[in-house]
Structures are given as C-alpha cells and as structure tokens.
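> Just to be clear, the model below is a prediction. Sequence and coordinates:
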Amino acid sequence: MNEITDVLLIEDSTTQALQLRLLLQRVGYHVRIATDGAEGWRLACSINPRLILLDVNLPLLDGFQVLTRLKRGRNTAPIPIVMLTSRDSVSDVERAIALGADDYLFKDDCLSTRGEPALLYTAVDQVLRPKN
C-alpha cells in the first residue's frame, strides 16, 4: 500500500468509527479503520501510521494488550498512541500512560452533542504537527 495513513483508528463501534473518521477527514487527515484489536495490531505493523487512536474495549485483543504489543515492537514503538475511550477511571488512565500511551481522550468529550471535536483535533495536531 502506497497511500500515506496519518491516523489508524482502532474502534469496534462502526458508528463511532465513522464519526471519528469524518471529523478527521474534514480537517485533512487520511484515516484507516480497524474494527478489532488483532486487526489493528496487524495493520499498525504493516502500514506504519503516523498516529494510532486506540479504543480500550475491543474484541480479540483489548486496547491495553494492543498498546503493550505496539510499544514492544521495534518498528511500532515510536508511533504515538492516543487512547480514545468511554472508560473514565483514573486507574485506566494511569495504566495507559504507564504502558506508553501519549494521551487519553474520552469519547464523550469528542462525540456527544455536548462534545467538542476541538479536543480531538488538538490532540491529533499536537502529535502530527511537523516539528521545527
């Protein structure tokens, strides 16, 4: 595959995945979607995305398992990973950061009618913005 993938979105909810992809495509990012943890891990290893948005509650491999595998891989360890989930416990946030996640966003803050996609845009921009 020759197409550049800016963001690999690993999300099992079709509705949420489409919402997130549309939000990111609207501001110019190329987004690829994986619908379970195993597929997400395989895709991350093969397409080398610039950023991974990773849900926690996934079939086959959960987000923490995927995060652990990616951070242990020589080629995937440098890829920034933002956890994007509905889990809001402090222990989950601490665990994700301890395992190497670069950020942790709550879906309700980005996708609900009260949500603010600017939070998503800011997190993605901070990771993907060219460094001078």
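Yes, it's here.
> okay, CA-based contacts and neighbour counts for the rest of this
Noted.
> Okay, buried residues for the helix or strand of the chain at the bottom of the mean pLDDT ranking please.
Ranked by mean pLDDT, DSSP states H and E, the weakest helix or strand in the chain is helix 107-111, scoring a mean of 77. Of the residues in helix 107-111, 107, 108, 109, 110, 111 count as buried by neighbour count, 16 or more other Cα atoms under 10 Å.
> Convert that helix to CSV, retaining C-alpha atoms only.
Presented in CSV, the C-alpha positions along helix 107-111 are these (Å, rounded to 0.1, in the frame of the first residue of the first chain):
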residue,chain,number,x,y,z
LYS,A,107,-15.2,9.7,23.6
ASP,A,108,-18.0,11.7,25.3
ASP,A,109,-15.8,14.8,25.1
CYS,A,110,-15.3,14.4,21.4
LEU,A,111,-18.5,12.7,20.1
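> quick one: low-confidence parts of this structure?
1-3, 87, 112-116, 130-132 (pLDDT under 70).
> would you list every one of the strands in it?
7-10, 31-34, 51-54, 81-85, 103-106 (DSSP state E).
> could I get these as a markdown table with mean neighbour count and distance to residue 96?
As requested, those are exported to a markdown table (neighbours: other Cα atoms under 10 Å; distance: least, Cα to Cα, whole Å):
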| stretch | mean neighbour count | distance to residue 96 |
| --- | --- | --- |
| strand 7-10 | 26 | 15 |
| strand 31-34 | 20 | 20 |
| strand 51-54 | 26 | 11 |
| strand 81-85 | 24 | 7 |
| strand 103-106 | 19 | 8 |
